[in-house]
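Asks: dropping a prediction and its sequence here:
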Amino acid sequence: MRIEGNTNTVVQANVDLFAPIGRDPSGKERIERKSMSTWQHIRYRLFSNKLAMTGLVIIILITLLAIFVPIISPHDHFTNDLENTNQPPSWNHWFGTDDLGRDMFVRTWKGAQVSLFVGVAAALIDLVIGVVYGGIMGYYGGKVDEVMNRIAEILYAIPYLLVVIMLLVVMEPSLTTIIVAMSITGWINMAWIVRGQIMQLKNQEYALASRSLGASSMRILFRHLIPNAMGPIIVTLTLSVPSAIFTEAFLSFLGLGVQSPVASWGTMLDDGINALTVYPWREFFPALFLSLTMFAFNVFGDGLRDAFDPVMRKS
Amino acid sequence: MVRFILQKFVFMIVSLFVLVTATFVLMNAVPGSPLQREKATTPQIQKNLEAYYGLDKPLIQQYGIYLKNLLKFDLGISMKKRFYSVNKIIADSFKYSLRLGVVSVITSVIAGCVLGIIAALHHRKFLDNLAMVLAVIGLAVPSMVMAPLLQYLFAVKFRLFNVAGLERPLDYVLPTIALSSASIAFIARLIRTTMTEVLHADFIRTAKAKGLPGHLIVWRHALRNSMLPVVTYLGYLVAGVITGSVVIEAIFAIPGMGKFFVQSVVDRDYPLIMGITVFYAVLLMVCRFLADIAYALVDPRMRNFTKKVA
């Protein structure tokens, strides 16, 4: 065997000193653990995070109850029963009744429907706008990026609650208005996350390979780059749900959001606060479930972030 | 550095202009005249009213007047509280919001830092877990749940504080806790993350090797380096406190600006809505602008800022 150095010296190695060892027959070096893909790793890390799993279970339970309770229950959320106002929790009315004799149990889960719907709808709108806008910013860079970034910065500087309240003045207060109003500035955060990811990813070899095979920019962006940025996108998405739920409850609490007789946790809290000392259950149940929902989404989002980003987890 | 400040300043002005214009357009896009009442008025009275509020002029001219008045800090006259100028209403109510806001911001920063430092120093131990559980609760329990709960427990049940109002110093306790709990939690988590990172840095090891006592290491080296993200967050903290105070003022019956803002929206009192919106916006944007500059001053890496930050 001849090994050549980078100068012209030639080293003569003695072949007899080497022997092939072949495979290790004892199996000591076998890899016992099944090899895991990235997504399996993420799932594993997420599932072993107890707090995040608690959050997920709470989210699932609240969603199921929100869907089925109003269907199954013998009561509904809007019929007044003036002979049974302000009843404490009982076998017939599990969470008691409010000042118009409406069943608080059904109203609480109707409120959950509103909250979850607002949270998910606002998050999805932010997702679509944010990914497209941020993707284009990050992928094209240069002048396009600069102009689009400036527009986003100017919008972002406007306090979003002011925009929401202004829109509620102009448009009818309704769920749609709230969601539209929240989306006006809500997508910017997502856009910046996506932009940062795409800027990193677009110089990877697979993007170059795809381009040299003749793929269009849009195809590279949406088929190759965005799927690889999925982690941060999902985390941002999950964490934007509780803030949307909070905003809806905030507006409804002030009487600017969802209007009676539609049940929303915000309006129920506002109703209950006047009767807090006398009929505390009217405040207690919406307060409990609003907090529980926000808690669940927050810890689940944190768990997702840790699962996607093990570097953060170590610190 | 100068270029950085100028750039941020220009952005602030543009954002403000966009908001002011959007406010004007939105308010004029509402169908019907804000002066229409249920009671029928004679055309002459209607005309006089329109002239009083300057609504008889063409829209473009109204916009010009509106901008000119804004530059003179004149926000117009309220439509529901006749003879009250918007400036007067803001001047009367803002002092309450300002006091509560300043107390809350200071509380948030101090309590958040203390909680975060404790968590970072006892990383992965009992105190850390306790602090982080508190932080998650602070983030999850919204102010409109926290405030009535505190009110019920400490003012009604135990009678430690007044239920409402903002007269005595003790009256600040409950609204401040309710208003700052979320930001305390946020700052605590921020400090914990950066500080655990900083505590592993080489310069901390050097400080330890020099024999510097623990509290000095934390105070001089670790905390200063962990404060950077908090400085960036300050601008948003002010925004959170101001918007949060809208709810808190309603619950604790504080005659602050938030209360008038909600009232103006319910009353459709357009000059007041516009006035308070613009006032809030200026306040928030100036705070963010100052936070940006503070960040640049604190972070030595930003001092020789010549290129645009990507």
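Replies: Right, received. Where do you want to start? Only a predicted model underlies this, so the values are computations on that prediction, with no experimental measurement involved. Numbering: from 1, shown residues only, chains lettered A, B, ... in the order given.

Asks: the helix or strand where A:Leu292 lies packs against which elements?
Replies: Using DSSP states H and E, A:Leu292 maps to helix A:281-308. With contacts defined as 3 or more Cβ pairs under 8 Å, 6 or more residues apart in numbering or on different chains; DSSP states H and E, the secondary structure elements packing on helix A:281-308 are helix A:38-47, helix A:50-72, helix A:104-140, helix A:230-253, helix A:265-273, helix A:310-314, helix B:126-140, helix B:143-150. Glycine gets a C-beta too; all of them are placed from N, C-alpha and C.

Asks: nearest to A:Met166, out of the ones you listed?
Replies: Distances from A:Met166 to each of the helices and strands packed on helix A:281-308 were compared using Cβ to Cβ; the minimum, 12.2 Å, belongs to helix A:230-253.

Asks: list the buried ones in that closest one?
Replies: When neighbours are counted by 16 or more other Cβ atoms under 10 Å in any protein chain shown, the buried residues of helix A:230-253 are found to be A:231-253.

Asks: what packs against that helix?
Replies: Using 3+ Cβ pairs under 8 Å, 6+ apart, the elements in contact with helix A:230-253 are helix A:104-140, helix A:160-170, helix A:175-201, helix A:265-273, helix A:281-308, helix B:143-150.

Asks: report the inter-axis angle for that helix versus helix A:265-273.
Replies: Direction vectors for helix A:230-253 and helix A:265-273, defined by axes from the mean of the first three to the mean of the last three Cα atoms, to 10 degrees, enclose an angle of 40 degrees.

Asks: surely B:Ser180 is in contact with B:Thr107?
Replies: Yes: applying Cβ atoms under 8 Å as the test, B:Ser180 and B:Thr107 come out as touching, 4.8 Å apart.

Asks: quick one, which of those two is more surrounded?
Replies: Remark: of B:Ser180 and B:Thr107, B:Ser180 carries more neighbours, 29 against 20, as counted by other Cβ atoms under 10 Å in any protein chain shown.

Asks: near chain A, which residues of the stretch 51-200 of chain B show up?
Replies: For the stretch 51-200 of chain B, the residues in contact with chain A (Cβ under 8 Å from any Cβ of the partner chain) are B:136-137, B:139-142, B:144-145, B:148-149, B:151-152, B:156, B:193, B:196-197.

Asks: need the max-distance pair from the residues you listed.
Replies: Farthest pair in these, by Cβ to Cβ: B:Val156 and B:Glu197, 44.2 Å.

Asks: among those two, which residue is more densely surrounded?
Replies: Neighbours of B:Val156 and B:Glu197, each counted by other Cβ under 10 Å, are more numerous for B:Glu197; the result is 16 against 13.

Asks: that one should be in a strand, yeah?
Replies: No: B:Glu197: not assigned to a strand; according to DSSP: H, G, I helix; E, B strand; the rest coil it is helix.

Asks: per-residue pLDDT, it?
Replies: Reading off the confidence values, B:Glu197 has pLDDT 86.

Asks: ok, now A:Gly111?
Replies: Each residue has a pLDDT score; the one for A:Gly111 is 91.

Asks: correct me if wrong: it contacts A:Trp265.
Replies: Yes: between A:Gly111 and A:Trp265 there is a contact at 4.3 Å, judged by Cβ under 8 Å.

Asks: secondary structure element holding B:Gly244?
Replies: Applying DSSP H and E as the criterion places B:Gly244 in helix B:228-251.

Asks: which helices and strands sit right next to that helix?
Replies: Here helix B:228-251 is seen to pack against helix B:86-121, helix B:143-150, helix B:173-199, helix B:257-267, helix B:270-298 when contacts are counted using 3+ Cβ pairs under 8 Å, 6+ apart.

Asks: excluding covalently adjacent residues, which one is nearest to the residue of the stretch 101-250 of chain B at minimum distance from chain A?
Replies: Minimum separation of the stretch 101-250 of chain B from chain A (Cβ to the nearest Cβ) falls at B:Ala140, amounting to 3.5 Å. Counting by Cβ to Cβ, 6 or more residues apart in numbering or on different chains, A:Phe295 is the residue found nearest to B:Ala140 once chain neighbours are left out, at 3.5 Å.

Asks: apart from its neighbours in sequence, what residue is nearest the spatially most central residue of chain B?
Replies: What sits nearest the mean C-alpha location of chain B, by Cα atoms, centre = their mean, is B:Ala239, with 2.6 Å. Leaving aside its chain neighbours, B:Ala239 sits nearest to B:Leu284 (4.9 Å; criterion: Cβ to Cβ, 6+ apart).

Asks: show me the contacts for the one you found.
Replies: For B:Leu284, the contacting residues are A:Pro159, B:Gly235, B:Val238, B:Ala239, B:Ile242, taking Cβ atoms under 8 Å, 6 or more residues apart in numbering or on different chains as the criterion.

Asks: do A:Glu153 as well
Replies: Counting by Cβ under 8 Å, 6+ apart, A:Glu153 touches B:Phe11, B:Ser15.

Asks: could you dump whichever strand or helix holds it to CSV, C-alpha only?
Replies: Taking DSSP H and E as the criterion, the element that holds A:Glu153 is helix A:142-157. Below are the C-alpha coordinates for helix A:142-157, written out as CSV (Å, rounded to 0.1, in the frame of the first residue of the first chain):
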residue,chain,number,x,y,z
GLY,A,142,-33.3,42.8,-1.6
LYS,A,143,-35.7,45.6,-2.6
VAL,A,144,-38.8,43.5,-2.3
ASP,A,145,-37.9,42.5,1.2
GLU,A,146,-37.1,46.1,2.2
VAL,A,147,-40.3,47.6,1.0
MET,A,148,-42.5,44.8,2.4
ASN,A,149,-40.6,44.9,5.7
ARG,A,150,-41.1,48.6,6.0
ILE,A,151,-44.9,48.2,5.4
ALA,A,152,-45.0,45.5,8.1
GLU,A,153,-43.0,47.6,10.5
ILE,A,154,-45.3,50.6,10.1
LEU,A,155,-48.4,48.4,10.7
TYR,A,156,-46.7,46.8,13.6
ALA,A,157,-46.1,50.1,15.3
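
Asks: quick check: angle from it to helix B:270-298?
Replies: Between helix A:142-157 and helix B:270-298, the angle comes out at 120 degrees (the same axes, to 10 degrees).

Asks: for helix A:142-157, which positions count as buried?
Replies: Of all the residues in helix A:142-157, those buried under the rule 16+ other Cβ under 10 Å are A:Asp145, A:Met148, A:Asn149, A:Ala152, A:Ile154, A:Leu155, A:Tyr156, A:Ala157.

Asks: average pLDDT for it, rounded please.
Replies: For helix A:142-157, the mean pLDDT works out to 85.

Asks: equivalent analysis for stretch B:149-160, please.
Replies: 86.

Asks: how long is it from one end to the other?
Replies: Stretch B:149-160 has an end-to-end distance of 14 Å (Cα to Cα, to the nearest Å).

Asks: for it, which positions count as buried?
Replies: Across stretch B:149-160, burial judged by 16+ other Cβ under 10 Å covers B:Leu149, B:Leu150, B:Gln151, B:Tyr152, B:Phe154, B:Ala155.

Asks: also stretch A:69-88?
Replies: For stretch A:69-88, by 16+ other Cβ under 10 Å, it's A:Val69, A:Pro70, A:His75, A:His77, A:Asn84, A:Gln87.

Asks: residues in contact with it?
Replies: Residues outside stretch A:69-88 that contact it (Cβ under 8 Å, 6+ apart) are A:93, A:96-103, A:105-107, A:109-110, A:113, A:261-263, A:275, A:278-279, A:281-282.

Asks: how far away is A:Phe246 from B:Ala182?
Replies: Computed as Cβ to Cβ, to the nearest Å, the A:Phe246 to B:Ala182 distance reads 9 Å.

Asks: now do the contacts for whichever residue of the stretch 101-250 of chain A sits closest to chain B.
Replies: Nearest residue of the stretch 101-250 of chain A to chain B (Cβ to the nearest Cβ) works out as A:Ala157 at 3.9 Å. In this structure, A:Ala157 makes contact with B:Phe11, B:Met12, B:Ser15, B:Met285, B:Arg288, judged by Cβ under 8 Å, 6+ apart.
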